[in-house]
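Colleague: Coordinates only, no sequence provided:
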């Protein structure tokens, strides 16, 4: 039990660092662009590089963790993006800057499939929803705290030294974790069982996994672009631009609450019931938000949508866990699922942006609501499909 607590604490610290450093690195961009005279096209390419690596690495992450161990992989990943921050602090050329963004993207991109797989392994079926919810929410601590601190430090010492400072902290923690937990083989070597060998074909053949992944795809398409297009909808409704930050804050408060609360409901009423009700409510409040002109109702809808757009993340992860229980190779299952979900999060802004330009932004929100409803179909199929023994 003591070793298990140390494992979980270490994984949570790595999650806070991963999400915090990921958000912080993108926050460096405005300062880098100003100093290096980058165009918005160049800035966009750098941002896309970091985000797209999550897609590219989703499948390999599962295989790497299977071979070398999940915790060891995540500690090495921390070291890699720490080196990326360090290199960024010294670059003055766009080509080399592009290289450092690839390095950081590689480090942060492997985390979530492996992290969710480890939580699935360490939790029982009866507590998996709560554990997934807590784990998902704790990443927001880093996203809010570490990223918020970054701009304050930049104002004081500049972005070069800030990147180097963040690098020193990350590399130091990685070395400490490696020394304590890996090289001494004291805490993790006996806890991480070697997963059962299972091929990609076998994973994709399992009906419950397919249905869970399809539900995840539709949910991700419906929810991932909502925050991107919400400011444009609010401006169309005549909202004061100065209030956009408040709406963003309300949305993120909902995110945090949803991850912790919905995960706990999974353990009491079941993941498919929670997911189906969440998707229905998401669709209703997307349509209410899109068609409302009353400010208090818009604020309420923003908070509630924050709950259901990210609150379904731990719910879906328990569905993926359930679909992989029979073979126990959570690393590969979560890697494949992350790859499928990432396709949706990449396609959604492009497709919905194009629709907004041609048919109006309300059409995009209507499609988001429709995709939320569509996600219910594979969830129902998942519920009525028998688990493989």
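Modeller: Structure received. Here the structure is a predicted model, which means the values were calculated and not measured.
Colleague: helices and strands of this structure: which one bottoms out on pLDDT?
Modeller: helix 200-205 (a mean of 73; mean pLDDT, DSSP states H and E).
Colleague: What is the subsequent helix or strand relative to that helix?
Modeller: helix 207-224 (DSSP states H and E).
Colleague: Tell me which other helices or strands the least confident helix or strand of the chain touches.
Modeller: On a contact count with 3 or more Cβ pairs under 8 Å, 6 or more residues apart in numbering; DSSP states H and E, helix 200-205 meets helix 330-359. Every C-beta, even on glycine, is put in place using the N, C-alpha and C of the backbone.
Colleague: elements contacting the helix it packs on?
Modeller: Under the contact criterion of 3+ Cβ pairs under 8 Å, 6+ apart, helix 330-359 touches helix 40-68, helix 111-122, helix 200-205, helix 207-224, helix 226-236, helix 295-324, helix 361-374.
Colleague: right, and those - which one's nearest residue 133?
Modeller: Residue 133 lies closest, by Cβ to Cβ, to one member of those: helix 295-324, at 4.2 Å.
Colleague: so the closest one versus helix 207-224, what angle?
Modeller: 160 degrees (axes from the mean of the first three to the mean of the last three Cα atoms, to 10 degrees).
Colleague: residues near the spatially closest residue to residue 292 that is not a sequence neighbour, how many?
Modeller: In this structure, residue 292 finds its nearest non-sequential neighbour in residue 298, 5.4 Å apart by Cβ to Cβ, 6 or more residues apart in numbering. Using other Cβ atoms under 10 Å, residue 298 is surrounded by 20 other residues.
Colleague: my guess is residue 298 meets residue 236, correct?
Modeller: No. Counting by Cβ atoms under 8 Å, residue 298 does not reach residue 236; the two are 11.5 Å apart.
Colleague: didn't residue 322 look like it was pressed against residue 206?
Modeller: No. With contact defined as Cβ under 8 Å, residue 322 does not reach residue 206; the gap is 10.7 Å.
Colleague: residues touching residue 216, list them.
Modeller: 316, 319-320, 337, 340-341, 344 (Cβ atoms under 8 Å, 6 or more residues apart in numbering).
Colleague: let's see 10 Å
Modeller: 275, 312-313, 315-317, 319-320, 337-338, 340-341, 344, 375, 378-379 (Cβ atoms under 10 Å, 6 or more residues apart in numbering).
Colleague: can you count the residues close to residue 86?
Modeller: Using other Cβ under 10 Å, residue 86 has 19 neighbouring residues.
Colleague: whoops, I mixed them up, residue 335
Modeller: Residue 335 has 28 nearby residues by other Cβ under 10 Å.
Colleague: With residue 251 instead?
Modeller: Using other Cβ under 10 Å, residue 251 is surrounded by 22 other residues.
Colleague: Check it and give its pLDDT.
Modeller: Residue 251 carries a pLDDT value of 72.
Colleague: What helix or strand is it located in?
Modeller: In the assignment (DSSP H and E), residue 251 maps to helix 244-269.
Colleague: about what we covered before: tabulate the helices and strands packed on helix 330-359 (a markdown table), appending distance to residue 138.
Modeller: Formatted as a markdown table, those follow (distance: least, Cβ to Cβ, whole Å):
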| stretch | distance to residue 138 |
| --- | --- |
| helix 40-68 | 19 |
| helix 111-122 | 10 |
| helix 200-205 | 28 |
| helix 207-224 | 20 |
| helix 226-236 | 20 |
| helix 295-324 | 11 |
| helix 361-374 | 26 |
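Colleague: of all these, which lies closest to residue 171?
Modeller: Closest to residue 171 of the helices and strands packed on helix 330-359, according to Cβ to Cβ: helix 111-122, at 16.7 Å.
Colleague: returning to what we had before: buried ones from the contacts of residue 216, can you make that a ChimeraX selection?
Modeller: For the buried members of the contacts of residue 216, the matching ChimeraX selection, counting by 16 or more other Cβ atoms under 10 Å, is:
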select :275,312,313,315,316,317,319,320,337,338,340,341,344,375,378,379
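Colleague: Closest to residue 77 out of the contacts of residue 216?
Modeller: Checking those against residue 77 with Cβ to Cβ, the nearest one is residue 338 at 14.5 Å.
Colleague: Counting neighbours, what do you get for residue 30?
Modeller: Residue 30 - counted by other Cβ under 10 Å - has 14 other residues nearby.
Colleague: can you check residue 168 too?
Modeller: 14.
Colleague: Mind telling me what element it is part of?
Modeller: Assigned by DSSP H and E, residue 168 belongs to helix 159-177.
Colleague: how about that helix: buried residues?
Modeller: Buried residues in helix 159-177, defined by neighbour count with 16+ other Cβ under 10 Å: 159-160, 162-167, 170-171, 173-174, 177.
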